[in-house]
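Colleague: With the input below, show me the fold.
(3 chains)
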Amino acid sequence: MSGARALAERLRAADASGLNATLHWSEELLLAEEARVAALKGAGARLPLEGMPVALKDNIVTTDAPTTCASRILEGFRSPYDATVVTRLRSAGALIAAKANLDEFAMGSSTEHSAFGRVLHPTHPDRVPGGSSGGSAALVAAGVVPAALGSETGGSVRQPASFCGIVGVKPTYGRVSRFGLVAFGSSLDCVSVFGRTVADAARVLSVIAGPDANDATTVDRPVDPVGAVPGSLSGLRIGLPAEYFPADLDPGVRAGVDRAAAALRALGAELVPVSLPHTGYAVPTYYVLAPAEAASNLARYDGARYDARRIGPAGDLPALYRATRGAGFGAEVRRRILVGTYVLSAGYYNAYYRKAQQVRNLIAADFTRAFAPGGVDLLLTPTTPSPAFRAGEKTEDPVAMYLADIFVSAVSLAGLPAMSLPVGLSEGLPVGAQLVAPAFGEARMLEVAGAVEAALGAAREVR
Amino acid sequence: MKIGREEVLHVARLAELDVPAADVEGLVAQIGRIVEYVAQLDQVPAGEQAEPFQGGPERVALREDVPGSVPLVRGPESFAPEFRDGLFLVPRLGSMEGE
Amino acid sequence: MAWETVIGLEVHVQQGTRTKMFCGCVSAFGDPPNTNVCPTCLGLPGSLPVPNAEAIRLAVRGALALGATVHHTSVFARKNYFYPDLPKGYQISQFDRPLSTGGSVRFESPDRGTVTCSITRLHVEEDAGKSLHDRYPGHTAIDLNRAGTPLAEIVSGPDLRSPAEARAYLVALKQILVYAGVSDCSMEKGTLRVDANLSVRRTGETALGTKTEIKNMNSFANVERALTAERERQVALLESGGKVEQVSLLFNAATGAVRPTRSKEDSHDYRYFPDPDLPPLVLDEAFIEAERRALPELPEARRARLERDYGLSAYHAQELTGERAVADYFEATVKAGAEPKSVVGWVLGEAMAGYNADGHFAVSASQLAELIAAIGEGTVSNQAAKQVYAALTSTVGNPSPRAMAAQLGLVQVQDTGALEGWVDEVLAAHPGEVARFKGGETKLIGFFVGQVMKKSGGKADPKGVAPILQKKLKD
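Modeller: Next up is the predicted model:
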């Protein structure tokens, strides 16, 4: 059976299981993808991802399938251009496998806020897979694809990677092009990668990374190759920030991070306590900045040019706008648009938006100090305060949902590279540890993660 | 800074978002809760003059003035809700006329 | 009690770039609707802006030409509002950190001599698309070809004191920007647009009155008309005990009246914030200095120099510098060896008739200089030169004016024998006039010269004819 047909079987089985992780895929497209890769190979192209199926979060635009952002307002929309990351994946020989479900416009931490229904946790259907890239995470965790693209604004790949027991890598802001990633919080958004293994995630990242003339926020610097898994980490200094190990941290999560720490120590790394004093302000800072940018980014969905149009009773243009947007956006998106509009509105800008950008600088400075010469090379923290929570558990109180991202949002605000890697189970649920690196330090971070992965895998086998 | 019904309806108008009457009370509570939560940033000492954060490149890279844009594989008529004679159509401007 | 008028203008000019402000679509005028569009200027999901270096360079030029301070760091900001020709629901502009601040325009006011109008700021932004309100009943039609074309917005201080003065300011500003090569500044093509703010106050008061904003004026003359109408409206309102409301008004060129727009409630809360898609615009000192050095001489300096170097009158200097191409033509002709004062007459007379909108003259500067030299040396008469000039305008390949004069048989005859022959014939034909001349009516010399010229078909050199006539009439 061809790779494409086998992939179609797996996708069909995943859909039949009720996982609800995909929004669009077709066997026909998969076969076309496979033929395209074969043609590239025939033409002698170098294909570092030859035949590798990669799922895309459905906020990454593609010309051959709809892009809905899991929103009614984009229902039926087919982009007339491809995202830069899609073009790069294809040139590298990857197969675009499916468009994956997400929280509407990537706003959420549980993938319960999709207009097309919630995504199930792959092993515990009553729980959430995390979010907002829950569909991509679930497809990788369920073994449907070896890798997938998600997007991060405030932890939307690391948090679901942790919940689903897979690898999730967020690059430095500016490392990967956002051209074709539907904007949510533009100063935070990063196309990010899920993989079954560190190596798979690293391969995909190395293909999509690098400057793009169509994205003025990409940084023009070469992408360092990820070296072999190091046998020794002697001389490496890893910081354990006190603020990420609160007294009420889930014991299973703590144990998982301890295992990773022990593995690092065994490889010769030195673990040192550090402090990131402004960590507690990360979530409120994020919930000013991201909604403000979102309110502006989502203004274009007005029913005039390319989306589901609903004519209001008065039939004039403002009525069209209000009806289309009122009915087209789900509850969480509407809440964020309202909050974002409020914090930018006359009289409140300085108190909220400007203040949040200033605090963001303090948060970033915490990391700069930790990584300064004489400081540490990487940070090790839990990815989330607890394993995957139950569906419906946090939908009533938006702030409780936001706090699920407490360990991932500071890194997003600082624009740093970070990743979650699986470090064991807590009462049967996967637990992730987070590595954080200085800006553009992805390669070293991935090498160290590879070493931890190998060590923990070996430990598991011994046990 | 307590956010009330009037503020919520005001920002809903700014954002061109219909809020059904039945939802207003719930939204006021939720928005109020979120705004109250983020207002803790007040406590952070950061003077008026503190620099706001700037991520990504330090300076914008400029594009040469050479024609050539990302092509559309399908024209606007393929995604526009209403399109005639090469033009997007929307309902009359109504109360926005002549802005 | 007299009223004082206070006017400030916001002028948008479209920089003369090939492509749009934030994407590589061509910024052409007059193409079929929605053809010069791409993901970025359509505001499609996922699209991003990348600024056009040339649009920035031209804006910097404009700022320097106005004597403004160009800032090393400026910031793009989003101006958020809903309008169907604004595809993203926000316009990328600049807000609290514009490209430049300061600067001024000095010009001759029709009312009060030389006036210096301050410039508050110049910033760059993108244009919106075009809304067509009357094409389809019940609908507004949108063309996004113009969406995303580059604009420089130039905001003046409230320094103008009459509608006519506002118009004179616009003429001077346009001259500067065209000289500097920023824009062609054509209101007809929409590459220059004006929004005006006007208030009135009792003479002697220092506080500003409530201002209104007037839009939709399509010529400098209409700016003046609209401001006049609005000034009268405000004065009448205040004199009848009313109050001016801060509103936006549209000018109707057909009726000459202004009417309020039905502007949306809250429409002025634009929720500006720095555009997260665009890092700061950083301009090095070296770049700014290079642009400053590359600036051409601007109209005011050029006027002064033309007066000084060529001994021209203020009036002629003003006329010649109205357009850079005209002044360039004048100077090139002088440089090619012609005497400046005679060049003025030709440039402002004959040459302007053959001058077209793209700054091209039908007869080259060296041709004109040669023609003027030919007059000076007596090869052609002034009259004949005009015929030669006309022939040159319709002949390709820049022929020599002297050769052209010869070809047309317009070379003046200076040969004494030939002149004497014509003189003899004229005197023989007019015995009565000869007798009156001899009787003391010496002013008849002009009549005889004219007759000789006529006889020669305009070819006789009048300077050679007169002495021969004098000599023969004495005999």
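Colleague: Run a quick neighbour tally on residue A:126.
Modeller: As a burial measure, residue A:126 scores 11 neighbours (other Cβ atoms under 10 Å in any protein chain shown). Quick note: C-beta positions are derived from backbone N, CA and C, even for glycine.
Colleague: and it, what does it touch?
Modeller: Neighbour list for residue A:126: A:390-391 [criterion: Cβ atoms under 8 Å, 6 or more residues apart in numbering or on different chains].
Colleague: Now do it against chain B, distance only.
Modeller: Per Cβ to the nearest Cβ, to the nearest Å, residue A:126 is found 25 Å from chain B.
Colleague: swap in residue A:334?
Modeller: For residue A:334 relative to chain B (Cβ to the nearest Cβ), the value is 6 Å.
Colleague: Give me the nearest residue to that residue, chain neighbours excluded.
Modeller: Setting aside the residues directly before and after it, residue A:334 is nearest to residue B:17 in space (Cβ to Cβ, 6 or more residues apart in numbering or on different chains), at 6.2 Å.
Colleague: Residue A:325 is in contact with that neighbour, correct?
Modeller: Yes - using Cβ atoms under 8 Å, residue B:17 and residue A:325 qualify as a contacting pair, with a distance of 5.0 Å.
Colleague: give me the number of residues near residue C:2?
Modeller: Neighbour count of residue C:2, defined by other Cβ under 10 Å: 7.
Colleague: need the contact list for it.
Modeller: Residue C:2 makes contact with C:202-203 under the criterion Cβ under 8 Å, 6+ apart.
Colleague: any idea of the mean pLDDT in the longest strand along chain B?
Modeller: Scanning chain B for the longest strand, with DSSP state E as the assignment, gives strand B:87-91. Mean pLDDT, computed over strand B:87-91, is 93.
Colleague: What helices and strands are in contact with it?
Modeller: Where contact means 3 or more Cβ pairs under 8 Å, 6 or more residues apart in numbering or on different chains; DSSP states H and E, strand B:87-91 is packed against helix A:317-328, strand C:139-143.
Colleague: Need those in JSON lines (columns: mean pLDDT, mean neighbour count and distance to residue C:246).
Modeller: Shown next, in JSON lines, are those (pLDDT from 0 to 100; neighbours: other Cβ atoms under 10 Å in any protein chain shown; distance: least, Cβ to Cβ, whole Å):
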{"stretch": "helix A:317-328", "mean pLDDT": "90", "mean neighbour count": "23", "distance to residue C:246": "22"}
{"stretch": "strand C:139-143", "mean pLDDT": "94", "mean neighbour count": "23", "distance to residue C:246": "26"}
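Colleague: what about these, which gets the closest to chain B?
Modeller: Counting by Cβ to the nearest Cβ, chain B lies closest to helix A:317-328 out of the helices and strands packed on strand B:87-91; the figure is 2.7 Å.
Colleague: Just want the angle from the helix or strand just after that closest one to helix A:317-328.
Modeller: Sequence order places helix A:331-344 as the next helix or strand after helix A:317-328, per DSSP states H and E. Interaxial angle of helix A:331-344 relative to helix A:317-328 (axes from the mean of the first three to the mean of the last three Cα atoms, to 10 degrees): 130 degrees.
Colleague: Shouldn't residue C:137 be within a helix?
Modeller: No - according to DSSP: H, G, I helix; E, B strand; the rest coil, residue C:137 belongs to no helix; its state is coil.
Colleague: count of neighbours near residue 3?
Modeller: Unless you meant another one, I'm taking chain A. Around residue A:3 there are 17 other residues, counting by other Cβ under 10 Å.
Colleague: right idea, wrong chain: chain B
Modeller: Here the count is done by other Cβ under 10 Å, and residue B:3 has 22 residues near it.
Colleague: sorry, back to before: and the helices and strands packed on strand B:87-91 as CSV, adding distance to chain B?
Modeller: Shown next, in CSV, are the helices and strands packed on strand B:87-91 (distance: least, Cβ to the nearest Cβ, whole Å):
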stretch, distance to chain B
helix A:317-328, 3
strand C:139-143, 4
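Colleague: Output the ones you listed as TSV; include the columns distance to residue A:138.
Modeller: As requested, the helices and strands packed on strand B:87-91 are exported to TSV (distance: least, Cβ to Cβ, whole Å):
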stretch	distance to residue A:138
helix A:317-328	25
strand C:139-143	41
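Colleague: tell me the pLDDT at residue B:96?
Modeller: For residue B:96, the pLDDT comes out at 55.
Colleague: can you check the one 3 residues further on too?
Modeller: In this prediction, residue B:99 carries a pLDDT score of 40.
Colleague: what's near enough to touch whichever residue of the stretch 251-400 of chain A sits closest to chain C?
Modeller: Nearest residue of the stretch 251-400 of chain A to chain C, counting by Cβ to the nearest Cβ: residue A:299, 2.4 Å away. Residues near residue A:299 by Cβ under 8 Å, 6+ apart: B:15-16, C:80, C:82, C:88-90.
Colleague: Could you dump the residues you listed into JSON lines with distance to residue C:390, secondary structure and neighbour count added?
Modeller: What follows is those, written out as JSON lines (distance: Cβ to Cβ, whole Å; DSSP: H, G, I helix; E, B strand; the rest coil; neighbours: other Cβ atoms under 10 Å in any protein chain shown):
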{"residue": "B:15", "distance to residue C:390": "67", "secondary structure": "coil", "neighbour count": "28"}
{"residue": "B:16", "distance to residue C:390": "64", "secondary structure": "coil", "neighbour count": "25"}
{"residue": "C:80", "distance to residue C:390": "59", "secondary structure": "strand", "neighbour count": "23"}
{"residue": "C:82", "distance to residue C:390": "59", "secondary structure": "coil", "neighbour count": "23"}
{"residue": "C:88", "distance to residue C:390": "55", "secondary structure": "coil", "neighbour count": "24"}
{"residue": "C:89", "distance to residue C:390": "58", "secondary structure": "coil", "neighbour count": "23"}
{"residue": "C:90", "distance to residue C:390": "57", "secondary structure": "strand", "neighbour count": "24"}
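Colleague: what's the closest non-adjacent residue to the residue nearest the centre of chain B?
Modeller: Nearest residue to the geometric centre of chain B (Cα atoms, centre = their mean): residue B:15, 6.6 Å. Spatial nearest neighbour of residue B:15, chain neighbours left out: residue A:341 (4.4 Å); criterion: Cβ to Cβ, 6+ apart.
Colleague: Please tell me how far the one you found sits from residue C:434.
Modeller: Distance of residue A:341 to residue C:434, computed by Cβ to Cβ, to the nearest Å: 100 Å.
Colleague: So which bits of the stretch 51-200 of chain C are right by chain A?
Modeller: Counting by Cβ under 8 Å from any Cβ of the partner chain, the residues of the stretch 51-200 of chain C lying close to chain A are C:51, C:78, C:80, C:82, C:84, C:87-90, C:140, C:142.
Colleague: what's the closest of these to residue A:436?
Modeller: residue C:78 (30.3 Å; Cβ to Cβ).
Colleague: How many neighbouring residues does the nearest residue to residue A:453 once chain neighbours are set aside have?
Modeller: Spatial nearest neighbour of residue A:453, chain neighbours left out: residue A:198 (5.0 Å); criterion: Cβ to Cβ, 6+ apart. By other Cβ under 10 Å, the residues close to residue A:198 number 24.
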